[in-house]
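J.: here are the coordinates; sequence isn't available:
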């Protein structure tokens with residue numbers, strides 16, 4: 001478990017801790033269990049979690065983290081009640097304000113917080129309904145630059161976010177985890193280390209009721225080899241798919257073998273070398289040297 005990439009990332013044992021974490025899923029498979037597993041790992045390590053929810057209520061979110069003996073503190077910012085401020089903005093937070101301002105009560109500009117915190121953006125696509133993508137990317141950069149922030153976690157759906165936005169999120173993320181709709185559950189993970197090294201993995205896992213991943217192992221690559229196809233069978237298949245005949249009759253094959261192409265060298269046996277010479281009028285023929293050895 002400890003040697004697998006998923007195990008280290010979701011137990012927050014990777015050193016150094018990746019500053020930004022992108023977790024994506026689809027409508028076919030929900031990644032909320034993985035998100036809760038990562039949040040639980042931070043809480044067990046005595047890291048406070050600033051959780052921005054856009055769909056679930058504060059009570060619903062906290063119900064998944066009611067285990068005793070967890071030293072970390074969960075602070076929920078509810079953006080599901082009045083995200084646009086139409087009801088006066090008295091309850092919850094407004095999703096149309098910059099991300100750093102949402103967490104400004106816990107993150108100071110000077111970074112004097114002694115205790116590290118993890119910031120969670122639950123359902124990034126819902127905030128896109130209230131802000132432009134460029135402003136959100138800039139807000140994520142600002143959060144990652146805070147000294148008090150240990151990790152920024154962004155959770156969104158791959159099929160509900162535009163491709164350009166997803167590419168931008170993956171570009172700034174130190175960890176990109178794509179949950180795939182498979183059985184057992186699998187993830188494709190990309191880890192970018194500060195040294196520039198890139199580690200890719202495709203691993204399968206199981207998720208317990210306590211939001212903990214276990215039985216992590218690399219996905220076995222299954223390769224199916226196609227049976228060999230005989231030449232005669234290939235000719236039959238090709239002949240059935242063409243409008244003209246690709247095969248030759250015996251007479252056509254004999255005529256083809258006898259055909260002399262321009263580049264074919266023909267060796268005539270029994271014929272010696274000859275010199276063809278046309279004498280000029282001014283040629284000097286010497287009787288002393290008639291060149292009898294030459295066949296002129």
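T.: Received it, and whenever you're ready, just let me know what you need. Everything numeric in this text was worked out from a predicted model, so none of it was measured. Numbering: from 1, shown residues only.
J.: just the element for residue 23, please.
T.: Element membership for residue 23 (DSSP states H and E) is strand 20-25.
J.: mean confidence (pLDDT) on that strand, please.
T.: In this model, strand 20-25 has a mean pLDDT of 97.
J.: which residues of this structure score low on pLDDT?
T.: 1-2, 88-90, 108-114, 222-241, 243-246, 263-274, 276, 280-296 (pLDDT under 70).
J.: picking that back up, direction included, what does the strand holding residue 23 pair up with?
T.: strand 149-157 (parallel), strand 175-180 (parallel) (DSSP bridges).
J.: which other residues reach that strand?
T.: Outside strand 20-25, the residues within contact range by CB atoms under 8 Å, 6 or more residues apart in numbering are 9, 31-32, 34-35, 38, 140, 144, 151-158, 166, 169-170, 172-179. C-beta: built from backbone N, CA, C; applies to glycine.
J.: reformat the strands paired with strand 20-25 as CSV; add mean neighbour count.
T.: Formatted as CSV, the strands paired with strand 20-25 follow (neighbours: other CB atoms under 10 Å):
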stretch, mean neighbour count
strand 149-157, 22
strand 175-180, 22
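J.: out of these, flag the one nearest residue 121.
T.: With CB to CB, the closest approach to residue 121 among the strands paired with strand 20-25 belongs to strand 149-157: 4.8 Å.
J.: show me where the stretch 101-250 of the chain has its strands.
T.: 117-122, 149-157, 175-180, 185-192, 198-207, 213-218 (DSSP state E, counting those that start in this stretch).
J.: could I get these in CSV, plus columns for distance to residue 107?
T.: Formatted as CSV, these follow (distance: least, CB to CB, whole Å):
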stretch, distance to residue 107
strand 117-122, 7
strand 149-157, 7
strand 175-180, 21
strand 185-192, 24
strand 198-207, 30
strand 213-218, 29
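J.: how about the nearest residue to residue 8, chain neighbours excluded?
T.: Once flanking residues are discounted, residue 8 sits nearest to residue 14: 4.4 Å by CB to CB, 6 or more residues apart in numbering.
J.: burial of the one you found, as a residue count?
T.: By the criterion of other CB atoms under 10 Å, residue 14 has 17 neighbours.
J.: surely residue 94 meets residue 80?
T.: No: look at residue 94 against residue 80 with CB atoms under 8 Å: they stay out of range, at 11.8 Å.
J.: the two - which one has more neighbours?
T.: Taking neighbours as other CB under 10 Å, residue 94 and residue 80 compare with residue 80 leading, 21 against 14.
J.: now for the nearest residue to residue 206 once chain neighbours are set aside, how many residues are close by?
T.: Distances taken as CB to CB, 6+ apart put residue 215 closest to residue 206, at 4.7 Å, once the chain neighbours are dropped. Neighbour count for residue 215, taken as other CB under 10 Å: 13.
J.: so which helix or strand takes in residue 61?
T.: Residue-wise, residue 61 maps onto helix 58-62 under DSSP H and E.
J.: OK, contacts around residue 155?
T.: Residue 155 is in contact with 23-24, 31-32, 35, 120-124, counting by CB under 8 Å, 6+ apart.
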